[in-house]
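*Asks:* what's the 3D shape of this:
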Amino acid sequence: MICFFILGSLAHLWLGDAAQKSWLGSNLCFLLGLGLLAWRGSAAGWLMCAVAKAISLLFLRDHLTQSLVLWFIASAGTVFLTLDCRQKNHATENLTLPTSEPSPTIHAFLKVCRAITILVYALAALHKLNRDFFSPEVSCATHGLNQLTMYWNLSIGPLSESVLTALAVLIIAVEAGIALLYLCGLRRVAWWVAVAFHIPLTLTMAPAYAFIMLAGHAAFLRTEDFRDFRAVFTRYAWHIALGSAALTALSLGLHAKIPEVSMIPKELLLWALLLGCTLLLARHGLARRTHAARTHGSRSAERIAWAFILLFAMNGLLPYLGLRFNHTGAMVSNLRIDQGCWNSLIFPESLRITDDYIRIDKAHMHRPGFMPEYETTLLTQLWNGPQILQMRRNWCKPALRPFYMEGTFRNRTFIIEDLCDNQPLPFSGDGILGINLFPDSLRFQRNLLKTCPTTCIH
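*Replies:* Sure thing, here's the model as predicted:
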């Protein structure tokens, strides 16, 4: 599992978000943690990774759900590997040797990783149960299809509304289906569906997410899975290599240009995994009734595991309380939780505790009409505290002062005569339950228009 966590983390660090200069310290800490994991798989390595992701999430406006998944896995690794070291005076032999039965503490760690994997797909499906995701004109399902056809230079012509609606239903069914397959013990089918599902996402909208999720999928591996995978890749190595190379070449041919440098090995690996999972099912079956031996460990490890699981699940439901949108699995879901645009088909708007989006009704730099494009952006979008702070850092030039702003926050009117004065902002209480310990923690979407419905935001 550690090797897949490292692979996913490196893919994550290759994203444009992580290339920002402000992320340098966090990235170096993360790389040091990954190095320690590769060297010894120690709790110190997990700790460094957890600290790095905490820094980006709390202080660097990290909006990625995958960052929270990495933080949860690394934090759980820190806790359970520390407990394991204390109890048995060894760190990771059960994580690195597939033939070894996990100790009770490591079993609890793997339980957390499995539960997080199931919850990621289940929450993604849940958040898509909204009116706009089923509306072909604005749906992220339609956007994803358009992105894929553009990537492969395909011309499929206009599709009927019923076909596009069926596509939205299919995507929700696949994500919910992956979670259900795991719950039913059909892990090998879940692997095949997950890899097939992630290939088009990797090519278009989520170039790193598949590899981050590989760590969670690997947590479901049993001893017999390692044995059967080894048999498949040993016997069919050339078939898998040639097949994945041919499929990658076909994809590149359709794309008709050289993609971003990391995309080719990523796509090659995913095609190889898909072929490997196909052969695994064809040659060795489902292995549904094979379970890991029951372990008898400390109740404290089980309690800690359930605490991690419940915390992740509760965080995933925060959009419906109005307390958070980012880091909840709601990306590319069309979900709207702001007043006037609430669209969930499952949860009523009455559940929302607060609407923490900032609405700017009047704004100008220097004088009205001096920067019309910026003024239009300010007036037509919803904002949040970290973005206003970033405006102050990026846009406050002497020639643009005063930076006037007037609007509403939590149904209260505010006026800022000059944002560049570095005075306390009227939304200093912009935090969960009004406690704003981390003013640069980005809880809500960027680039979200006030009007609705709005075309898919990614």
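*Asks:* use CA for all of it now, contacts and neighbours both
*Replies:* OK.
*Asks:* all strands for this structure, in order.
*Replies:* For the chain, the strands defined by DSSP state E occupy 358-365, 382-383, 403-409, 412-416.
*Asks:* What strands flank the third one, and is each parallel or antiparallel?
*Replies:* Counting by DSSP bridges, the strands paired with strand 403-409 are strand 358-365 (antiparallel), strand 412-416 (antiparallel).
*Asks:* Most tightly packed of the ones you listed?
*Replies:* strand 358-365 (a mean of 21; mean count of other C-alpha atoms under 10 Å).
*Asks:* so where's the stretch 101-250 of the chain shaky on pLDDT?
*Replies:* Low-confidence segments of the stretch 101-250 of the chain (pLDDT under 70): 101-102.
*Asks:* Just grab the bridge partners of the residue of the chain most remote from its centre for me.
*Replies:* Centroid-distance maximum for the chain: Arg367 at 40.9 Å, with C-alpha atoms, centre = their mean. With DSSP bridges applied, Arg367 shows beta-bridge pairing to Met365.
*Asks:* got the residue ranges for the helices in the stretch 51-200 of the chain?
*Replies:* Along the stretch 51-200 of the chain, the segments classed as helices by DSSP state H, counting those that start in this stretch run 65-88, 93-96, 104-127, 140-151, 161-183, 187-204.
*Asks:* circling back to that earlier point, right, and the strands of the chain - which one's nearest Leu13?
*Replies:* Judged by C-alpha to C-alpha, the one of the strands of the chain that comes nearest to Leu13 is strand 382-383, at 26.8 Å.
*Asks:* which stretches of the stretch 301-450 of the chain aren't confidently modelled?
*Replies:* Checking the stretch 301-450 of the chain against pLDDT under 70 turns up 428-435.
*Asks:* Going along the chain, name the helices of it.
*Replies:* According to DSSP H, counting those that start in this stretch, the stretch 301-450 of the chain carries its helices in the segments 372-380, 385-395.
*Asks:* Dump these to CSV, plus mean neighbour count.
*Replies:* Listed next are the helices of the stretch 301-450 of the chain as CSV, based on neighbours: other C-alpha atoms under 10 Å:
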stretch, mean neighbour count
helix 372-380, 15
helix 385-395, 16
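*Asks:* Is it possible to get a markdown table of the ones you listed that adds distance to Leu110?
*Replies:* Output for these, formatted as a markdown table (distance: least, C-alpha to C-alpha, whole Å):
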| stretch | distance to Leu110 |
| --- | --- |
| helix 372-380 | 45 |
| helix 385-395 | 35 |
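*Asks:* how about these, which one is nearest Leu13?
*Replies:* Closest of the helices of the stretch 301-450 of the chain to Leu13 is helix 385-395, at 22.2 Å (criterion: C-alpha to C-alpha).
*Asks:* got the angle for that closest one vs strand 358-365?
*Replies:* Interaxial angle, helix 385-395 versus strand 358-365 (axes from the mean of the first three to the mean of the last three C-alpha atoms, to 10 degrees): 10 degrees.
*Asks:* Does helix 385-395 pack against any helices or strands, and if so which?
*Replies:* Packing partners of helix 385-395 (3 or more C-alpha pairs under 8 Å, 6 or more residues apart in numbering; DSSP states H and E): none among the helices and strands.
*Asks:* Please repeat the previous calculation with a cut-off of 10 Å.
*Replies:* On a contact count with 3 or more C-alpha pairs under 10 Å, 6 or more residues apart in numbering; DSSP states H and E, helix 385-395 meets strand 358-365, strand 403-409.
*Asks:* could I get these as CSV with distance to Leu382?
*Replies:* Formatted as CSV, those follow (distance: least, C-alpha to C-alpha, whole Å):
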stretch, distance to Leu382
strand 358-365, 6
strand 403-409, 11
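*Asks:* Out of the ones you listed, flag the one nearest Glu375.
*Replies:* Closest among those, using C-alpha to C-alpha: strand 358-365, at 5.9 Å.
*Asks:* Relative to the whole chain's centre, how far out is the closest one?
*Replies:* Centroid separation for strand 358-365 versus its chain: 31 Å, with C-alpha atoms, centre = their mean, to the nearest Å.
*Asks:* on that earlier part again, the residue farthest from the centre of the chain contacts Asp418, doesn't it?
*Replies:* No - Arg367 is not in contact with Asp418 according to C-alpha atoms under 10 Å; the separation is 11.4 Å.
*Asks:* who touches both of these two?
*Replies:* Counting by C-alpha atoms under 10 Å, 6 or more residues apart in numbering, the shared contacts of Arg367 and Asp418 are Arg401, Pro402, Phe403, Tyr404.
*Asks:* show me what contacts the third one?
*Replies:* Read it as Phe403. Phe403 makes contact with 363-368, 391-392, 395-397, 416-421 under the criterion C-alpha under 10 Å, 6+ apart.
*Asks:* swap the cut-off to 7 Å and go again
*Replies:* His364, Met365, His366, Glu417, Asp418, Leu419, Cys420 (C-alpha atoms under 7 Å, 6 or more residues apart in numbering).
*Asks:* could you dump those residues to JSON lines with distance to Asn436?
*Replies:* Converted to JSON lines, those look like this (distance: C-alpha to C-alpha, whole Å):
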{"residue": "His364", "distance to Asn436": "27"}
{"residue": "Met365", "distance to Asn436": "28"}
{"residue": "His366", "distance to Asn436": "30"}
{"residue": "Glu417", "distance to Asn436": "23"}
{"residue": "Asp418", "distance to Asn436": "22"}
{"residue": "Leu419", "distance to Asn436": "19"}
{"residue": "Cys420", "distance to Asn436": "21"}
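*Asks:* State the distance from Ile199 to Ser103.
*Replies:* 34 Å (C-alpha to C-alpha, to the nearest Å).
*Asks:* Oh, that last question was meant for Arg283, not what I typed.
*Replies:* Relative to Ser103, and taking C-alpha to C-alpha, Arg283 is found at 31 Å.
*Asks:* quick one: which of those two has more around it?
*Replies:* Remark: of Arg283 and Ser103, Ser103 carries more neighbours, 19 against 12, as counted by other C-alpha atoms under 10 Å.
*Asks:* how much space between the more buried one and Lys21?
*Replies:* Ser103 is 41 Å from Lys21, by C-alpha to C-alpha.
*Asks:* Grab the nearest non-local neighbour of His198.
*Replies:* In this structure, His198 finds its nearest non-sequential neighbour in Ala210, 5.7 Å apart by C-alpha to C-alpha, 6 or more residues apart in numbering.
*Asks:* Next: Ile156.
*Replies:* Going by C-alpha to C-alpha, 6+ apart, Ile156 has Thr149 as its nearest residue, at 7.8 Å.
*Asks:* Next: Asn422.
*Replies:* Once chain neighbours are set aside, the closest to Asn422 by C-alpha to C-alpha, 6+ apart is Arg392, at 7.9 Å.
*Asks:* Export the helices of the stretch 51-200 of the chain as TSV, with columns for distance to Thr455 and mean neighbour count.
*Replies:* Output for the helices of the stretch 51-200 of the chain, formatted as TSV (distance: least, C-alpha to C-alpha, whole Å; neighbours: other C-alpha atoms under 10 Å):
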stretch	distance to Thr455	mean neighbour count
helix 65-88	20	20
helix 93-96	44	16
helix 104-127	16	23
helix 140-151	8	19
helix 161-183	14	18
helix 187-204	17	20
